[in-house]
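Novice: sequence first, predicted coordinates after that:
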Amino acid sequence: MTNKFVPEKTEEVDGYVFASPEMRGMLNKHGKPWTKRTIFLYNVEQVLYRNNKWHAKRRKPVSEATKSHRFNECRSMANELHSLGFKIMLPTKFRQKHVKALTRYWEGKEDLQPASVIQKVSILRTFLGWVNKSPVIENMTPADMFAEPDKFKRSLVAETDKSWDQNHDPIEIITKVTMDDERVGKQLMLSHLFGLRAKETWCFKPHRDYDADGKMIHVRSGSKGGRPRLVAVTTQKQREFLEELCDFVRERDDSLIPRRTGLSAWRNHYYKIVNRNGINRKNGLTPHGLRHGYAHNLYQQHAGHPAAVKESGKPDDFDKVQARIANLLVSEQLGHSRESITSAYTGKHQ
């Protein structure tokens, strides 16, 4: 995404060409006067145009969904800051008072869950890094940002079992969904047997992505960040299900989204069906919980003992090396590049 329009008066700061504060009152390309707010919005967009395609910490591209979400969130933050009375015009003028104003504002919004606020703070932190203002937020404690900081602590270690296996029979629920909508049922089964994300199941192409000879599936379309991966096919049940999918989807290039149905429309349909069958947060069930169950089973298979969220203490025969091998395998099979992310599914033995 590029912005070809250049204001009459500009200011170069840290390699960015920003609209100068002197533009205030002058007419823009639409014949309307520039204001402090529109100058700030324009300059925020310049930062996004240069950096938004990249991962926050590594030089790798992010998905279109991530780019769109970050772009909208940053514009929203810019508008909120001005609505709160801070007439900042250059992103490089960000101060701790601006961060505090935003975080306290988000904290007070009844329609924002703590997880959403944490995500907003993460995006703000990324944005400040792009304009070399990381110390502004890195030097702030949760108590500086929030009136009730304990509500906004984020842990990457699972403390509760989010799998379906804990209190429900996954097969029974998936069978019920299949009777309602066969296609959605098969997509849930893909998540259950192979740990695929919901979007990955929608975009899965059985004839193209299942390698029967190599005993693996290729997860390509719909993966997070476009990162492809291989998932092993190890059981007879998995093989029989994949062969069933190949019969269900006749053409090689067909995915599990019906023909003439767009991704967005299918997403809405999918969540309508699962919600209708009791798969929702209110009931403690989500499609993502099937990934947790897959991770738990895979971890136990390779570590030789249950995941930490499945038991109260460390097993007597705990083998640190074997546990790390299991963590690495789970991370890779789930499509993550960091071993540490495994603990978000399995928990961690102290």
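Specialist: Now that the structure is in, tell me what you want to look at.
Novice: pLDDT wise, what is residue 125 at?
Specialist: For residue 125, the model assigns a pLDDT of 95.
Novice: er, residue 285 actually
Specialist: 92.
Novice: how close does the closest residue to it other than its chain neighbours sit to residue 195?
Specialist: Closest residue to residue 285 in three dimensions, ignoring its sequence neighbours and counting by CB to CB, 6 or more residues apart in numbering: residue 279, at 4.7 Å. Every residue, glycine included, has its C-beta placed from N, CA and C. When distances are taken as CB to CB, to the nearest Å, residue 279 and residue 195 turn out to be 17 Å apart.
Novice: so where's the stretch 51-200 of the chain shaky on pLDDT?
Specialist: When the per-residue scores of the stretch 51-200 of the chain are filtered using pLDDT under 70, the ranges that remain are 154-158.
Novice: the same query, at a cut-off of 80, please.
Specialist: Within the stretch 51-200 of the chain, the stretches falling below the threshold (pLDDT under 80) are 58, 152-159, 161, 166.
Novice: can you pull out the helices in it?
Specialist: If DSSP state H, counting those that start in this stretch is used as the criterion, the helices of the stretch 51-200 of the chain fall at 64-83, 96-108, 114-130, 134-138, 142-145, 170-180, 182-194, 198-203.
Novice: report the distance from the longest one to the chain centre.
Specialist: I take that to be helix 64-83. Mean C-alpha position of helix 64-83 versus that of the full chain (CA atoms, centre = their mean, to the nearest Å) differs by 16 Å.
Novice: that one to helix 114-130, inter-axis angle?
Specialist: Relative orientation of helix 64-83 with respect to helix 114-130: 90 degrees, computed using axes from the mean of the first three to the mean of the last three CA atoms, to 10 degrees.
Novice: and helix 64-83, what does it pack onto?
Specialist: Here helix 64-83 is seen to pack against helix 36-51, helix 96-108, helix 114-130 when contacts are counted using 3 or more CB pairs under 8 Å, 6 or more residues apart in numbering; DSSP states H and E.
Novice: what lies in contact with it?
Specialist: Contacts of helix 64-83 with the rest of the structure, by CB atoms under 8 Å, 6 or more residues apart in numbering, involve 1, 36-37, 40-41, 44-45, 47-48, 52-53, 88, 98, 101-102, 105, 120, 123-124, 126-127, 225.
Novice: mind redoing it with 6 Å?
Specialist: Contacts to helix 64-83, defined as CB atoms under 6 Å, 6 or more residues apart in numbering, come from residues 37, 40, 41, 44, 48, 52, 123, 127.
Novice: for the third one, same thing?
Specialist: With CB under 6 Å, 6+ apart as the test, helix 114-130 has contacts from 47, 51, 56, 70, 73-74, 106, 134, 136-137, 151-152, 154.
Novice: show me which of the residues you listed are buried.
Specialist: Of the members of the contacts of helix 114-130, the ones counted as buried by neighbours, 16 or more other CB atoms under 10 Å, are 47, 70, 73, 74, 106, 136, 137, 152.
Novice: would you mind putting those into TSV with distance to residue 333 alongside?
Specialist: Output for those, formatted as TSV (distance: CB to CB, whole Å):
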residue	distance to residue 333
47	36
70	28
73	31
74	34
106	35
136	39
137	34
152	31
